[in-house]
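Participant: Everything below, folded, please.
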Amino acid sequence: MAAIKNTFKEQCTDYLTKGMGFEEATAFESYLLEATSDEKRYFNRLRDSFAMMAFESHDIRPSKDLKPRILSAIIPEKTNNVTPIYWKFFATAAMILIILSGVLGYMLLQEKRVKEIQQTRIELLSNELDAHRELFALLQRQGVQIVGLDGLEVNPGGFANIVWDQELREAFMHVSNLPTAPSDKDYQLWLIVDAKPVSAGIFNASSAGGNLFYKINDLNYTPESAVQAFAVTLEPEGGVSQPSGDMFLF
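Facilitator: Below is the predicted model of the structure:
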C-alpha cells in the first residue's frame, strides 16, 4: 500500500470535523473524486471511526384504561336507591381526587425516571466526546496508522477500526456490529507481534449491533518488535494468556 501523505490525513480530519471553509471543503471533495484507492480507503475508515451511537427517545403516556376509569367515576351507574344529591357529589369528588392523585404520582415517578435516563445519556455523551477529542489529538500525530479488522465466519457483519500510534504504544478502537458477549465471556484484543499473539486487554460489547469506542493504553510490545496484525477473540471472563476461543475479527 502506498504511503499516505500527512497533509491528506490532516485534510480528512479537518473535513470530517467541519474545520474547513466552504471553498476548501469543495476543493477537497473534488480531489477526493480523483484520489487513489489507498487515500479513499483511509478516508472511509476515518469517517467510520467518527460514527456515534444514537439514542432512542421514549414517549411516556398514561395507561389506555385511564380515561374510562375517570369517566366511570364522573358518571356513576344508575341505581334504584335514592341517595341525597350532596352525598353523590362528595363521593364523586372524592373518587376524582383519588384518581387524580394517583395520576399525579405516576407522572412524577415517570418524570424522575426520565431525568435519570437523561442524566445517564449526558454522562455517556460526555465520555464519548472526551474520547473523540483524544482521538482527534491522536490523529494529528506523525506516523499514526489506521488498521481495519473484518468480521470472520462466526460474525461476518462485524468490523473494527484501530487508530494506532506505534511509538507511544496507545490506540483507539471503534467496534461495530459485535454481538453482546455471554455473561461468562469477554472479548479479548490481541496483537500479533513477531508471529505470536500478545494480549492487549479485554472488553465487552454492551449492546448488540452498537458502535463502541475503546481507548487502549500501554500496548504490550517493545519498540523493536514488529506488530503485524490485530485480532479479537471471545474468551472466558477475565481473559486468557493465549487465545482459545472463536476469532470474531481479524
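
Participant: looking at the protein, which helix or strand does the model trust least?
Facilitator: Lowest by mean pLDDT, DSSP states H and E among the helices and strands of the chain is helix 66-74, with a mean of 56.

Participant: what residues go with each domain of this structure?
Facilitator: With domains defined by automatic domain parsing, the chain comprises 1-50, 66-129, 142-250.

Participant: Comparing those domains, which stretch has the densest surroundings?
Facilitator: Mean neighbour count, computed with mean count of other C-beta atoms under 10 Å, is highest for domain 142-250 among these, reaching a mean of 16. No exception for glycine: its C-beta is placed from N, CA and C like everyone else's.

Participant: and that domain, average pLDDT?
Facilitator: Taken as a whole, domain 142-250 has a mean pLDDT of 83.

Participant: quick one: it to chain centroid distance?
Facilitator: Between the centre of domain 142-250 and the centre of its chain there are 17 Å (C-alpha atoms, centre = their mean, to the nearest Å).

Participant: what ranges do the helices span in the chain?
Facilitator: 6-16, 22-33, 37-49, 66-74, 85-139 (DSSP state H).

Participant: what would these look like in a markdown table with distance to A231?
Facilitator: Below are these laid out as a markdown table (distance: least, C-beta to C-beta, whole Å):
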| stretch | distance to A231 |
| --- | --- |
| helix 6-16 | 25 |
| helix 22-33 | 31 |
| helix 37-49 | 17 |
| helix 66-74 | 55 |
| helix 85-139 | 21 |
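
Participant: F248: which of these is closest?
Facilitator: For the helices of the chain, the distance to F248 is smallest for helix 37-49, at 17.4 Å, taking C-beta to C-beta.

Participant: so who does A35 touch?
Facilitator: Contact analysis of A35 by C-beta atoms under 8 Å, 6 or more residues apart in numbering lists F8, F43.

Participant: ok, now how distant is it from Y42?
Facilitator: Applying C-beta to C-beta, to the nearest Å, the value for A35 to Y42 is 9 Å.

Participant: what touches both of those two?
Facilitator: With C-beta under 8 Å, 6+ apart, A35 and Y42 have common neighbours F8.

Participant: hang on, A226 packs against D194?
Facilitator: Yes: at 5.7 Å, A226 counts as touching D194 under the criterion of C-beta atoms under 8 Å.

Participant: anything in contact with each of those two?
Facilitator: If you check A226 and D194 against C-beta under 8 Å, 6+ apart, no residue is contacted by both.

Participant: Nearest approach to S176 belongs to which of the helices of the chain?
Facilitator: That would be helix 37-49 among those, by C-beta to C-beta, at 7.5 Å.

Participant: any idea of the angle that closest one forms with helix 6-16?
Facilitator: In terms of direction (axes from the mean of the first three to the mean of the last three C-alpha atoms, to 10 degrees), helix 37-49 departs from helix 6-16 by 40 degrees.
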